[in-house]
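Peer 1: build me a structure from this.
(chains A and B)
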Amino acid sequence: GENVEQHPSTLSVQEGDSAVIKCTYSDSASNYFPWYKQELGKRPQLIIDIRSNVGEKKDQRIAVTLNKTAKHFSLHITETQPEDSAVYFCAASPSGGYNKLIFGAGTRLAVHP
Amino acid sequence: EPEVTQTPSHQVTQMGQEVILRCVPISNHLYFYWYRQILGQKVEFLVSFYNNEISEKSEIFDDQFSVERPDGSNFTLKIRSTKLEDSAMYFCASSDAGLEGNEQYFGPGTRLTVT
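Peer 2: Prediction:
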């Protein structure tokens, strides 16, 4: 089945810097890749997603890139702010799975003022 | 904005007891899911449900687990005989179509503590 690897496990940046989180997946049939932000004790919240027919998607300070050939996708946060501090999870949706999401292990992002 | 809701927010139970976790998906959604997250770990898929039947389940979802949609609004997860290792946060999610790539909306979770 699908396996998603996520790096790094922790990331510490200064406010205003950029942050990049990378994920790889194993099932070449996966075609939907969402990113979730989870604050302590809260539900995962979708922040951006990308489908396999698109190579890049941007929403204000957040962007996601997808390389289907290499089977990896990345989250880019620019001009980081302290409120970006959270755990970020990537996920992949394998085909035929009624949209089940397979999550990566998460990246704890700390943005220091 | 409509949200998925879950009750209770925290459930403490003794090992061997049955628990039922409840979820109210977003009203026009047709696909429902349960995930769990052991403290400090990743979110893991348990089961998906569509048209009043399980569409897929993971290896975690063994015979101790069952799901039900008893009426038009609730979606429940039952653990028949809880074990210590069932302690986790359980998230319900729903989506509005089966087409691959539809956003799943997560509920706030139920923290299950088995003692």
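
Peer 1: pick out the residue of chain A closest to chain B.
Peer 2: A:Tyr32 (3.6 Å; Cβ to the nearest Cβ). In this view, the C-beta of every residue, glycine as well, is placed from N, C-alpha and C.

Peer 1: report pLDDT for the residue most central in space within chain B.
Peer 2: Nearest to the mean C-alpha position of chain B, by Cα atoms, centre = their mean, lies B:Trp34 at 3.0 Å. For B:Trp34, the pLDDT comes out at 98.

Peer 1: same check on B:Ser9?
Peer 2: pLDDT, B:Ser9: 96.

Peer 1: tell me the bridge partners for the residue lying closest to it once chain neighbours are set aside.
Peer 2: In space, not counting the residues next to it along the chain, B:Ser9 is nearest to B:Thr110; the distance is 6.4 Å by Cβ to Cβ, 6 or more residues apart in numbering or on different chains. Residues in a beta bridge with B:Thr110, per DSSP bridges, are B:Tyr90.

Peer 1: for burial, what's the neighbour tally of A:Arg108?
Peer 2: By other Cβ atoms under 10 Å in any protein chain shown, 15 other residues sit near A:Arg108.

Peer 1: surely it forms part of a helix?
Peer 2: No: A:Arg108 is assigned strand when assessed by DSSP: H, G, I helix; E, B strand; the rest coil, not a helix.

Peer 1: surely it meets A:Ser9?
Peer 2: Yes: A:Arg108 is within contact range of A:Ser9, at 6.9 Å (criterion: Cβ atoms under 8 Å).
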